[in-house]
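S.K.: mind looking at a prediction? Sequence and model below.
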2 protein chains.
Amino acid sequence: MPHLYETDGAAIYRRSFATIRAEADLARFSPEEEIVVVRMIHAAGMVGLERFIEFTPGMAHAARAALESGAPILCDARMVSEGITRTRLPADNAVICTLHDPGVAELAREMGNTRSAAALELWRPHLSGAVVAIGNAPTALFHLLNMLEDPACPRPAAIVGCPVGFVGAAESKDALMVAPPAPALIVKGRLGGSAITVAAINALASRKE
Amino acid sequence: MPHLYETDGAAIYRRSFATIRAEADLARFSPEEEIVVVRMIHAAGMVGLERFIEFTPGMAHAARAALESGAPILCDARMVSEGITRTRLPADNAVICTLHDPGVAELAREMGNTRSAAALELWRPHLSGAVVAIGNAPTALFHLLNMLEDPACPRPAAIVGCPVGFVGAAESKDALMVAPPAPALIVKGRLGGSAITVAAINALASRKE
């Protein structure tokens, strides 16, 4: 006997978001933040994630405004850039991942850093007013913070900083929130990752659920 | 002052895996399973994930053997296919995602199902002996199970079945484990996703940590 299951994509989204809103504690988020948090919980399959999510004031608004005005989205990993739903982007925004660009491996050796960090040096021409999406490498977020310590470095409009893992993830996100060089959104601690980061960008790109 | 942090990728992996092995309860896994579970925990940034991970007996061995003999890897989403580390693949294995192939949207309409499910119809020529990696859509896993109810449908060598979310994810993974049509690995319940699925494939592809 074939398995019977919900096959209507729109119905699946509706029921998923309704379940999340029934179970998660979303009271401390603004309406503009709430729809971002709901999508992040959805991507993680984890009610409770909301306890670790922090926005700087106005981040959701700043990121939306930047995307609506055509800001590029700078991604630390191909899983992030591939996950972003192009049809949700309000201005046919460029989605850029420089991780596999020629010269990154050599630059990483010269810098004595990871390829994920070195790849951010190639962001410089795109960084002004961009939306940053870091969903994998703590070294990328740390390197971004160090780049932005130079006042001459162009400023992004907003930073989704959700690297994941056991070495540097919690520390890099704490460092971002102690002195945010731009409006920022993080998942505190070890949790994070490409799916959660993509969900945040997809929610900031369009109010459509 | 620039932030100081670990910049040696190999050292980051070593410390991450050591932390996971110190904190997670891995006793019930075979040595061949354990290195897969460690990478899945790593990708999720979540000790405790191991409680939800289930293998059918011999799955890790079957998947490894298939990959070593050149099996293609069939992925339900681009985030999965893009995340697989090509340099870890033992036989320059093909990594296939048909989700955006021409005709999938139309086929989904004809089938009255999601594009994720319809895309699996295009797997048929590759399915015999393949390693399946479903990290996103419960409808894809349900449709695979329904395809495999036909004895004429080619059999994969192994199934990583880790769709994520609130509608159908838990149910589809339970259905897979009640009557596995091939050796299978799941994350029970709502948890799962592309990063965890990619981690499992990357661990099954190479014993190198």
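M.R.: Perfect, I can see it now. Note that this is a predicted model, so its numbers are computed, not measured. Numbers count the residues shown, from 1 in each chain, chains lettered A, B, ... in the order given.
S.K.: A helix includes A:Val47, no?
M.R.: No: per DSSP: H, G, I helix; E, B strand; the rest coil, A:Val47 lies outside any helix segment and is coil.
S.K.: OK, contacts around it?
M.R.: For A:Val47, the contact set (Cβ atoms under 8 Å, 6 or more residues apart in numbering or on different chains) comprises A:Ile20, A:Glu23, A:Ala24, A:Ile41. Every residue, glycine included, has its C-beta placed from N, CA and C.
S.K.: who wins on neighbours among the residues you listed?
M.R.: Among the contacts of A:Val47, A:Ile41 has the most neighbours (other Cβ atoms under 10 Å in any protein chain shown), with 28 neighbours.
S.K.: average pLDDT for the helix or strand containing it?
M.R.: Take DSSP states H and E as the rule and A:Ile41 turns out to sit in helix A:31-44. Average pLDDT, helix A:31-44: 98.
S.K.: would you map the helices across chain A?
M.R.: A:9-23, A:31-44, A:59-68, A:78-83, A:104-111, A:115-118, A:138-148, A:169-178, A:194-205 (DSSP state H).
S.K.: got the CA coordinates for the fourth one in CSV?
M.R.: When you say that, I think you mean helix A:78-83. What follows is helix A:78-83, C-alpha atoms only, in CSV (Å, rounded to 0.1, in the frame of the first residue of the first chain):
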residue,chain,number,x,y,z
ARG,A,78,28.1,27.2,-1.3
MET,A,79,25.5,25.5,0.8
VAL,A,80,24.4,29.0,1.8
SER,A,81,24.5,30.6,-1.6
GLU,A,82,22.7,27.6,-3.2
GLY,A,83,20.0,27.6,-0.6
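S.K.: what is that helix packed up against?
M.R.: strand A:95-97, helix A:194-205, helix B:78-83, helix B:194-205 (3 or more Cβ pairs under 8 Å, 6 or more residues apart in numbering or on different chains; DSSP states H and E).
S.K.: turn these into CSV, columns for distance to B:Gly9, mean pLDDT and mean neighbour count.
M.R.: Shown next, in CSV, are the helices and strands packed on helix A:78-83 (distance: least, Cβ to Cβ, whole Å; pLDDT from 0 to 100; neighbours: other Cβ atoms under 10 Å in any protein chain shown):
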stretch, distance to B:Gly9, mean pLDDT, mean neighbour count
strand A:95-97, 18, 98, 19
helix A:194-205, 17, 98, 28
helix B:78-83, 16, 97, 24
helix B:194-205, 14, 98, 28
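S.K.: next, format these as JSON lines and append distance to B:Glu33.
M.R.: Shown next, in JSON lines, are the helices and strands packed on helix A:78-83 (distance: least, Cβ to Cβ, whole Å):
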{"stretch": "strand A:95-97", "distance to B:Glu33": "32"}
{"stretch": "helix A:194-205", "distance to B:Glu33": "24"}
{"stretch": "helix B:78-83", "distance to B:Glu33": "20"}
{"stretch": "helix B:194-205", "distance to B:Glu33": "9"}
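S.K.: wait, which of the ones you listed is closest to A:Ala65?
M.R.: helix A:194-205 (9.9 Å; Cβ to Cβ).
S.K.: out of the contacts of A:Val47, which is nearest to chain B?
M.R.: A:Ile20 (6.6 Å; Cβ to the nearest Cβ).
S.K.: list the contacts of A:Val187.
M.R.: Counting by Cβ under 8 Å, 6+ apart, A:Val187 touches A:Met40, A:Leu49, A:Phe52, A:Ile53, A:Cys162, A:Lys173, A:Ile196.
S.K.: pretty sure the fifth one is touching A:Val198, no?
M.R.: No: at 9.6 Å, A:Cys162 and A:Val198 do not qualify as touching, with contact defined as Cβ atoms under 8 Å.
S.K.: thinking again about what came up before, just name the most buried of the helices of chain A.
M.R.: Comparing the helices of chain A by mean neighbour count (mean count of other Cβ atoms under 10 Å in any protein chain shown), helix A:194-205 comes out on top with a mean of 28.
S.K.: would you put the C-alpha positions of that helix in PDB?
M.R.: C-alpha atoms of helix A:194-205 as PDB (Å, rounded to 0.1, in the frame of the first residue of the first chain):
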ATOM      1  CA  SER A 194      23.800  26.900   6.500                       C
ATOM      2  CA  ALA A 195      20.100  25.900   6.600                       C
ATOM      3  CA  ILE A 196      19.400  28.400   9.500                       C
ATOM      4  CA  THR A 197      21.300  31.100   7.700                       C
ATOM      5  CA  VAL A 198      19.500  30.500   4.400                       C
ATOM      6  CA  ALA A 199      16.200  30.600   6.200                       C
ATOM      7  CA  ALA A 200      17.000  34.000   7.800                       C
ATOM      8  CA  ILE A 201      18.000  35.400   4.400                       C
ATOM      9  CA  ASN A 202      14.900  34.000   2.700                       C
ATOM     10  CA  ALA A 203      12.700  35.500   5.400                       C
ATOM     11  CA  LEU A 204      14.400  38.900   5.200                       C
ATOM     12  CA  ALA A 205      14.100  38.800   1.400                       C
END
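S.K.: cool, thanks, talk later.
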